[in-house]
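**Q** Please work out how this folds:
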Amino acid sequence: MGGRAVRDEEGVRRFVERVSRFLADWGFPPMAARVLVTLMAAEERALTAADLAERLGVSPAAISGGVRYLMHLGMVAREPVPGSRRDLYRLYDEAWWEVASTKSGLYKDLVDMMNEGLDALGGEETHAGHTLAEMRDYFAFLEKELPLLRDKWRASRGRAT
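**A** Below you'll find the predicted structure:
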């Protein structure tokens, strides 16, 4: 049958809280995680702070820090509502890629810092130097491979690179 899918709002709330806790356990700020997953789970393309607050059972003021964090990461855009003082918040297209790709400069910085640390530790032959070299090599690999991964990912989704 070609019936329309039925949304389970209680299931959606459980999903938002479960994924938010998971992200928070990995170091993501808890309210930012809740806002992010709420935006991901929304049928609407964008939500106001009041919409987010209502769905999460918090005050609109509690939303601002999470939204600010997500905007800083480049995952969420703020758009004014014409004729209103309210703003709409929406996920950028390819938000996950944007976060990963904007961090690629971080990878180079880490590589440079690990090289400095290696000099101070006496080189890769020491235990600590070996540990730093592993980290350096990992992030150097990520920095090199990330653009290739984006191309592969986009190709797998039928998008031009």
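
**Q** What residue spans form the domains of the chain?
**A** 9-93, 103-156 (automatic domain parsing).

**Q** Check these for me: which has the lowest mean pLDDT.
**A** Lowest mean pLDDT within those: domain 103-156, at a mean of 88.

**Q** how far out from the middle of the chain is that domain?
**A** 20 Å (CA atoms, centre = their mean, to the nearest Å).

**Q** just stretch 21-37 next, same as before
**A** Centroid separation between stretch 21-37 and its chain, computed with CA atoms, centre = their mean, is 10 Å.

**Q** Which positions in it come out as buried?
**A** Across stretch 21-37, burial judged by 16 or more other CB atoms under 10 Å covers 23, 28-29, 31-37. From N, CA and C alone the C-beta is placed, and that goes for glycine too.

**Q** ditto for stretch 49-62
**A** Using 16+ other CB under 10 Å as the test for burial, stretch 49-62 gives 49, 51-53, 55-56, 62.

**Q** Dump those residues into JSON lines; add distance to residue 78 and secondary structure as well.
**A** Formatted as JSON lines, the buried residues of stretch 49-62 follow (distance: CB to CB, whole Å; DSSP: H, G, I helix; E, B strand; the rest coil):
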{"residue": "49", "distance to residue 78": "10", "secondary structure": "helix"}
{"residue": "51", "distance to residue 78": "13", "secondary structure": "helix"}
{"residue": "52", "distance to residue 78": "12", "secondary structure": "helix"}
{"residue": "53", "distance to residue 78": "15", "secondary structure": "helix"}
{"residue": "55", "distance to residue 78": "18", "secondary structure": "helix"}
{"residue": "56", "distance to residue 78": "18", "secondary structure": "helix"}
{"residue": "62", "distance to residue 78": "17", "secondary structure": "helix"}
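
**Q** Quickly name whichever of the buried residues of stretch 21-37 is closest to residue 150.
**A** Proximity of the buried residues of stretch 21-37 to residue 150 (CB to CB) peaks at residue 36, which lies at 20.6 Å.

**Q** Just give the nearest non-adjacent residue to that closest one, would you?
**A** Spatially, and ignoring its direct neighbours in sequence, residue 36 is nearest to residue 70 (5.9 Å; CB to CB, 6 or more residues apart in numbering).

**Q** What's the separation between that neighbour and residue 18?
**A** Separation of residue 70 from residue 18 (CB to CB, to the nearest Å): 19 Å.

**Q** Kindly report the same for residue 76.
**A** The spacing between residue 76 and residue 18, counted by CB to CB, is 21 Å.
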